[in-house]
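Asks: sequence? don't have it. structure:
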C-alpha cells in the first residue's frame with residue numbers, strides 16, 4: 001500500500017470512527033441518530049471532525065498515519081479538546097461526564113485501531129521471519 005493511500009485510508013477510518021462516536025451518543029441520548037431533517041448528526045459531529053482535522057494537521061498524520069503515539073495521541077487529544085471547545089462556543093453541552101466518556105471513547109477509537117494494526121503487522125513479521 002502506498003503511503004498516500006495509507007494516509008487517506010487512516011484519515012477515512014478516523015472520520016468514520018468520530019461519526020460513529022457521535023451517532024452512538026445521539027442514539028443514546030436523543031433516540032434519533034440523524035435528527036430533525038437529517039442535520040442532527042452533522043451538528044453533533046462537526047466540532048469533533050474539525051478537531052480531528054486539526055489533529056491530523058498538527059501531527060502531520062500523513063507522514064506516519066498508523067503510529068499510535070506520534071499520530072494517534074495527537075489526533076485524539078485535539079479531536080477531544082477542539083471538539084469540546086467548539087461545542088461550548090456553539091451552545092452544545094460539555095458536561096464533565098460527557099467529557100470523560102468522550103475522552104475514553106475517542107482514545108479507544110482513534111488510538112486503539114492503530115495499536116491493533118501495529119500488533120497485527122508485528123505478528124505477521126514474526127511469523128514470516
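Replies: Alright, I've got the coordinates. In this text the structure is predicted, and so the values were computed from the model without any measurement. Numbering: from 1, shown residues only.
Asks: buried residues in the longest helix along the chain?
Replies: Using DSSP state H to define each element, the chain has its longest helix at helix 3-29. Residues of helix 3-29 classed as buried under the neighbour-count rule (16 or more other C-beta atoms under 10 Å) are 7, 10-11, 13-15, 17-19, 21-23, 25-26. Just so you know, the C-beta spots here come from the backbone N, C-alpha and C atoms, and that holds for glycine as well.
Asks: Next, format these as TSV and append pLDDT.
Replies: As requested, the buried residues of helix 3-29 are arranged in TSV below (pLDDT from 0 to 100):
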residue	pLDDT
7	95
10	97
11	98
13	98
14	98
15	98
17	98
18	98
19	96
21	96
22	95
23	93
25	90
26	88
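Asks: Can you tell me which helices and strands the worst-scoring helix or strand of the chain on mean pLDDT packs against?
Replies: Averaged element by element with mean pLDDT, DSSP states H and E, the chain has its least confident helix or strand at helix 112-128 (a mean of 91). In this structure, helix 112-128 packs against helix 3-29, with contacts taken as 3 or more C-beta pairs under 8 Å, 6 or more residues apart in numbering; DSSP states H and E.
Asks: Show me what the helix it packs on is packed up against.
Replies: The contact analysis (3+ C-beta pairs under 8 Å, 6+ apart) places helix 3-29 against helix 40-59, helix 96-110, helix 112-128.
Asks: ok, now with 10 Å
Replies: Helix 3-29 sits against helix 40-59, helix 74-89, helix 96-110, helix 112-128, with contacts defined as 3 or more C-beta pairs under 10 Å, 6 or more residues apart in numbering; DSSP states H and E.
Asks: Specify the angle between the least confident helix or strand of the chain and helix 3-29 in degrees.
Replies: 130 degrees (axes from the mean of the first three to the mean of the last three C-alpha atoms, to 10 degrees).
Asks: returning to what we had before: wait, which of the helices and strands packed on helix 3-29 is closest to residue 68?
Replies: Distances from residue 68 to each of those were compared using C-beta to C-beta; the shortest belongs to helix 112-128, at 4.1 Å.
Asks: All good on my end, thank you.
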